[in-house]
Every structure is written in C-alpha cells, then in structure tokens.
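**Q** Fold the stuff below for me.
(chains A, B, C, D, E and F)
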Amino acid sequence: MKIGILLKEGPYNHQASDTAFKFAEAAIAKGHTVDAVFLYNDGVTNVTKLMDPPQDDRNISGRWSELSQKHGVEILACIAASKRRGINDDVLVQGSSITGLGTLTDIAIRNDRLVTFGD
Amino acid sequence: MKIGILLKEGPYNHQASDTAFKFAEAAIAKGHTVDAVFLYNDGVTNVTKLMDPPQDDRNISGRWSELSQKHGVEILACIAASKRRGINDDVLVQGSSITGLGTLTDIAIRNDRLVTFGD
Amino acid sequence: MLHTINKSPFETNTFDTCIRFLVQGDPILLIEDGVYAVQAGNKFSSTIETILKTNPVYALQPDLSARGITLTTDGVQCIDYDGFVALVEEHQVNSWF
Amino acid sequence: MLHTINKSPFETNTFDTCIRFLVQGDPILLIEDGVYAVQAGNKFSSTIETILKTNPVYALQPDLSARGITLTTDGVQCIDYDGFVALVEEHQVNSWF
Amino acid sequence: MENGNINKIMHVLRHAPHGTIYTYEGLEMILIMAAYEQDLSVVFIGDGVYALKKNQETAGIGIKGFSKTFMALDGYDVEKLYVDKLSLEERGLTEDDLVVDVEVLDSATIGSLMKEQDVIIHH
Amino acid sequence: MENGNINKIMHVLRHAPHGTIYTYEGLEMILIMAAYEQDLSVVFIGDGVYALKKNQETAGIGIKGFSKTFMALDGYDVEKLYVDKLSLEERGLTEDDLVVDVEVLDSATIGSLMKEQDVIIHH
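**A** Have a look, this model is predicted:
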C-alpha cells in the first residue's frame, strides 16, 4: 500500500512528530511504501539541520533525513509555511526539500492513504 | 514600572507573539520600561532573521528587532530551547541574543511584573 | 491578581479551570480566543453574569473586533491594550492558556 | 473510517466532538494524550463502555506505557504501531486533534 | 489520479480565526487544492464556525483578516461548504451571522459524508 | 532582588507529559530557578497531575522519561509541591499513584496561594 503523511507540528514541542515517525517506520517494516512526509504549519521546522538537541535525546531532523535516504521517503516542507517560519534551502537537512501545496495535492491523490499528525 | 515579558509560542502559528508585541508597545507608550522579552519553548523561533513572510504581512522577527533597538528591550532566547529548535547565533535577528534560564530568573526578580504569553 | 485567559471556553477547559481558582475581587481579562466567552447570548452568558457579582470581567476590544463580536454580555468592560497595561499596573499577573 | 484522537478528554473537547460524528462500526484509535480516555476507573469509563457497544476502541500501547496507564477499560484493545498500520490498511483515516 | 477517478477530499476547519493560524493556512491549502479538479468539501465544526462570522475587523490586532476569502471559494468551484448545526447553535449564531451561504447539517449527516471521503484533513 | 526580599515564584504545571514538551521544559526551568534562593512552589492542576504518575515507561515512544526528576526536586530545596484535589479525583488517582510526596489542596487554598505570589508561570 502507498501511504502519504501530513505532519502539522514542529519537533520536540509536540509528540505529533514522534508519532508520525514511529508510524512511518512501522509502515515501512510492514512492507508498505511511505511515499512522502509533507510538512505544514509549524511542521516545516522538522527539517532544520541547525537543531542541536542534548546528546541523550533523539535528533528529529537527523532521523527524518535518515528515513529519506534509507527508504526513499520524500520529506517536503510547504514553501509558504516555511517562509513564515524561517526555513529555507540553506538550513534544510539532507534529503528534505521545499515545495508547494500542489505537491501535497498530488500526494493526497496518488496514495492509498493520507495520514495526518497534528496537535 | 519595570515589566518583563515571557513568550512561550512561535510567531504566526499562535497569536501569543502578536499580543505580547502589542502589549509591549502599549506599556512603553504609557511610560513603562519593558526590560526584556524572554523566549521559551517554541517562542525561541520568534527571532530567526530567516523568516520571509508575504509583503503585506507583518515581519515578526523584524519588529522585535526594531523594538529592541528603539527602546532598549532585551530580546532573549533560552539556549536549551533554542538548540532543540535550530535557533543559533547565525540566524539571530539584530538586537536579540541567546542566554540561559538563569537570566529569566533575574528578569523575574528585578522587574515589578512578569507577564506571560503562551498557548 | 489579574487573571488573563486566551482560550475559547468552547474548546478547552482553561476558562473553567481559571474560574475555579479565582479569589473574590480579582479581575479577569479575556484576550485572543478567550473573548468568545463574553459574546452576548451564548451559553457562557450566565456564567459570566455570576462571575460579575464578585469579580470584574474585562475583554480586549481589538480581539473582540477581530472576531466580529459586537455585543458583549452586560457588565463586561471592553478595553484596549492601554487598559491591559493599566490592569497590569494594578495587579500581578496570572496568565492562563 | 478510522478515527484517531490524540487529545486528553479532560482538557479539550476533541474527544466529545469526534464521538458525535462517529458512524456505527467505525474504529477509534486513541494515541498520545488521547489514551487518558481509556484509563480504567476514570470519569470517561462509562462513555467508553457505551461506545464499545457499537464501535471498536483501540489504544496505542506505547502511549499507555509512557503515561503509566496499566489498567484500561474492559473491551479496549491495546495495540502497537504495527497494529496502527494494520488499521490504516483497512480504513481511510480521520485524524482528530 | 492514477486510476482516473476523482478523489473526495474533505477539509475540516475546527479552530477560531486569529488565535492560531490553522484556519488561515487551512484556507490557503483549500485554495490550492481547488485547482486540481477533485471533489472538495469544507466542513466547519466547533470554533471553526467563527471563521465565517461577519464583521471581523482585524486592524487592531495587526493580523490580516481573511474572512472575505471564504466568499471567493465559490469562484474556485468550492461549493460544498457545510456547517455543523450544533456548533452554530451552541455559539448563539445563525446562518445570517455568516459571510457566505452554507449548508447547515446535523452530526449524523456530516458523519456519513466523512465516511465517503478518500482524504480528510483537519486544520 | 533589588529590595533584598525573597520573591514568591509559582510554577503551574497543567499539561500531561509527553504529548507536549511544556511540562518537561517547565521542569527544566524550575531546576534552574531553584538555584536562586527564591520562594519557589510548584502546583499541579488538570492533566498536570499526570506528570507525577508512577510507572511511566517511555522507551516505546522514543522520548526520554522525566517523572523521576520530580523526585530530585527535594534535593534542590523545592519542597512546596501542591496538587489540586479535584484534578486528582476526576482522574481516578490518589496520592499513592504519584512518584513524590505532595500536598493535596482544594481550589480555594490554591487560589489564595496564587494571590500571594510575585510571579506565576504556567507551563
């Protein structure tokens, strides 16, 4: 099955990002294709490579990057939402990119499921 | 009167930042000293100079910067909260800086009021 | 002690919780989505009327205007940011969100 | 249609609102702070029991464990992320937050 | 659109305007999706109904108003605007208080519409 | 401390752990403030009481647990831990369910304590 994910909250502040990640991992482990994770609202801040959490904590942008590179999951931040929040190409973690809402529409259309995580 | 402000949410996504700003402006207009705006939780993202909102919208980091330069208000982001969220010295808007929670304690102690804005 | 509330009473329990800890005489200021509590004729009107017997209730006019609220429950005082500052001059602040 | 709820029923109206739009037979999955709804013996237990007569109720075990909830209301099925995926295989998703 | 079918996509607006950006950015999403010739609908539940309230004047809070943008939805062929009856009533509002024509539906009807959807996005 | 007085600073924890970071970052703030020899108190209201629940095992959600840190507060001379009675009861919890000793107070008592404070910070 092809699954798209829409993530609407930023990292650390809300568990939404953690649940989305765990869900994506579990879907892939079950043999599904996670086509893309689309980031909207504060969700766009998931992909700043500048984050530098404590050593014993998870690195949220790092693990999205890894998910992208290992499993071909597109990690996409909405451009309008990104501009408001100071996310641009210079700070994007490897494997992520900035795109428009049209891409989310494509994701919604081409996948069997779109699963939203928010707060 | 000396007033400190604690702002706990990021810009655009929550009105907290707008209300804090309007309150600070009004306090200054009434002759009070706004000593500092301390940014915590997602609030630290108020001071990224990378934000680039639509032309007809307010620029939130820009106006904090202006408030700092015009009225000597310290705009301070908590270091631990900033590191989690990808805010560092390279992206700080002019007039803002990164500091520890000890500084917030000093602000709470030395001001007549501490007014919190959150969500 | 000035209590500010910025949440719609329809969506979260912030309003109800704040009210429970209110000391007689202390003012409440509704801001942001909190102002929906004082829209005239909604289901919180009677609660507001009860509170008004013991505590002054203020609402931030710019937030009321932004939400198209033209009529507020009788006795609620609508103030500007300037009035918000005046309340802070008088009281320590307890911000509920 | 799978309904997920991630909010504590004590703090916001998300749980109550979702329940109101539920079609008979459709599953509910409680995640994150939503799992407090199924802690055994709290004030939502009777609501959960009523829902269970017409709709299956699931709760995400990792979220229950993280919150120290060891006893859940009878009839609630505790599942892992793997079980979450299995529900998504069967249903379109309506995420309430 | 791999299968050539039209997808049913529902947007659910549940937040009051201005206090958070969810409704505004939700509307931005709806406007973009409207260009894709899918079967779009927009449902207003809970405080989401306040987004449609007439007479919103946002100059005082320094945030751009957007209630009039809902009037433009018709021009984008987004015609299925549904309002939850109970949410409207609880807030002491009637259809006359709203900036656009909507269809007021009860919970059961909205629940059935939700069940028909391919995609549901809450804002 | 310009006037040489000790300030009364109250932290109000109102959110469940893990779903949001507020309680965790609130606790970080409390630990730092504890070094400043002010009169600190911590009040647990609403879902905030869940932060003290025993047996939290967070490995499965990939987030570091912090309930045991509340036990360390005593070592930082933060001894005024108050729990709202109604919040505890509504959630079917008793003091035995909590990781630390607390004082359970009714609404009126907590309201009076709030009124005495120089600073109140909600998390």
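
**Q** Give me the nearest residue to the residue of chain C at minimum distance from chain A, chain neighbours excluded.
**A** As assessed by Cβ to the nearest Cβ, chain A sits closest to C:Thr12 within chain C, at 12.6 Å. For glycine as for every other residue, the C-beta is placed from the backbone atoms N, C-alpha and C. Distances taken as Cβ to Cβ, 6 or more residues apart in numbering or on different chains put D:Thr12 closest to C:Thr12, at 4.9 Å, once the chain neighbours are dropped.

**Q** thought the one you found was touching C:Thr14?
**A** No - contact criterion Cβ atoms under 8 Å: D:Thr12 and C:Thr14 do not qualify, at 9.4 Å.

**Q** got a list of contacts for the lengthiest helix in chain C?
**A** Secondary structure of chain C per DSSP state H: the longest helix is helix C:81-90. Here helix C:81-90 makes contact (Cβ atoms under 8 Å, 6 or more residues apart in numbering or on different chains) with B:1, B:3, B:22-23, B:25-27, B:29-30, B:32, B:113, B:115, C:2, C:27, C:29, C:31, C:58, C:60, C:62, C:79.

**Q** go with 6 Å
**A** With contact meaning Cβ atoms under 6 Å, 6 or more residues apart in numbering or on different chains, helix C:81-90 is reached by B:Lys22, B:Phe23, B:Ala26, B:Ala27, B:Lys30, B:Arg113, C:Leu2.

**Q** Same check on stretch A:21-33?
**A** With Cβ under 6 Å, 6+ apart as the test, stretch A:21-33 has contacts from A:Met1, A:Lys2, A:Ile3, A:Val34, A:His71, D:Tyr81, D:Asp82, D:Val85.

**Q** could you list every residue that touches the second one?
**A** Taking Cβ under 6 Å, 6+ apart as the criterion, A:Lys2 is in contact with A:Thr33, A:Asp35, A:Asn111, A:Asp112.

**Q** rerun that using 8 Å as the cut-off
**A** Taking Cβ under 8 Å, 6+ apart, we find A:Lys2 in contact with A:His32, A:Thr33, A:Asp35, A:Arg110, A:Asn111, A:Asp112, A:Arg113.

**Q** What about those, which are in strands?
**A** Those of the contacts of A:Lys2 mapping onto strands are A:Thr33, A:Asp35, A:Arg113, per DSSP state E.

**Q** Can you tell me which of those residues has the most neighbours?
**A** In terms of neighbours by other Cβ atoms under 10 Å in any protein chain shown, the ones in strands among the contacts of A:Lys2 top out with A:Arg113 at 22 neighbours.

**Q** Can you name the residues bridging to that residue?
**A** As for beta bridges, A:Arg113 partners with A:Ile3 under DSSP bridges.

**Q** and C:Thr70, how many residues sit next to it?
**A** Neighbourhood size, C:Thr70 [other Cβ under 10 Å]: 12.

**Q** on that earlier part again, so how far is the longest helix of chain C off the chain centroid?
**A** With Cα atoms, centre = their mean, to the nearest Å as the basis, helix C:81-90 stands 14 Å off its chain's centre.

**Q** Counting neighbours, which bits of it end up buried?
**A** Buried residues in helix C:81-90, counted by 16 or more other Cβ atoms under 10 Å in any protein chain shown: C:Tyr81, C:Gly83, C:Phe84, C:Val85, C:Leu87, C:Val88.

**Q** which of these lies closest to F:Phe70?
**A** F:Phe70 lies nearest to C:Val88 out of these, by Cβ to Cβ, at 32.0 Å.

**Q** And the pLDDT for that closest one?
**A** On the pLDDT scale, C:Val88 is placed at 98.

**Q** ok, now E:Asn5?
**A** For E:Asn5, the model assigns a pLDDT of 77.

**Q** Can you classify it as helix, strand or coil?
**A** coil (DSSP: H, G, I helix; E, B strand; the rest coil).

**Q** cool, and the one 5 residues further on?
**A** Assigned with three-state DSSP, E:Met10 falls in the strand class.

**Q** and it, how far is that from E:Gly111?
**A** E:Met10 sits at a distance of 12 Å from E:Gly111 (criterion: Cβ to Cβ, to the nearest Å).

**Q** Check C:Arg20 too.
**A** With distances taken as Cβ to Cβ, C:Arg20 is found 34 Å from E:Gly111.

**Q** about what we covered before: and for the residue of chain C closest to chain A, the neighbour number?
**A** Neighbour count of C:Thr12, defined by other Cβ under 10 Å: 20.

**Q** I'd guessed it sits against D:Thr14; true?
**A** No - the criterion here is Cβ under 8 Å, and C:Thr12 misses it with D:Thr14 at 9.4 Å.

**Q** what residues are up against residue 59?
**A** In the absence of a named chain, this looks at chain A. Listed by Cβ under 8 Å, 6+ apart, the contact set of A:Asn59 reads A:Met51, A:Pro53.

**Q** nope, chain E
**A** Neighbour list for E:Ala59: C:Ser65 [criterion: Cβ under 8 Å, 6+ apart].

**Q** Equivalent analysis for C:Asn6, please.
**A** B:15-16, B:19, B:117-119, C:14, C:30-34, C:95-97, E:19.

**Q** got it, and C:Lys7?
**A** Counting by Cβ under 8 Å, 6+ apart, C:Lys7 touches C:Thr14, C:Phe15, C:Glu32, C:Asp33, C:Gly34, C:Trp96, C:Phe97, E:Gly19.

**Q** measure A:Leu101 to chain E for me?
**A** According to Cβ to the nearest Cβ, to the nearest Å, A:Leu101 and chain E sit 4 Å apart.

**Q** Next: A:His32.
**A** Taking Cβ to the nearest Cβ, one finds A:His32 at 16 Å from chain E.

**Q** Need the per-residue pLDDT for E:Val83.
**A** With respect to pLDDT, E:Val83 scores 98.

**Q** thought it was touching E:Val99?
**A** No - E:Val83 is beyond contact range of E:Val99, at 11.8 Å (criterion: Cβ under 8 Å).

**Q** and the two? which has more neighbours close in?
**A** E:Val83 (23 against 17).

**Q** so that one sits in a helix?
**A** No - with three-state DSSP as the criterion, E:Val83 is assigned strand and is not in a helix.

**Q** Which strand residues bridge it?
**A** Residues in beta-bridge contact with E:Val83 (DSSP bridges): E:Phe44, E:Val104.

**Q** could you list every residue that touches it?
**A** Going by Cβ under 8 Å, 6+ apart, E:Val83 touches E:Val43, E:Phe44, E:Val49, E:Leu52, E:Glu95, E:Leu98, E:Val102, E:Glu103, E:Val104, E:Leu105.
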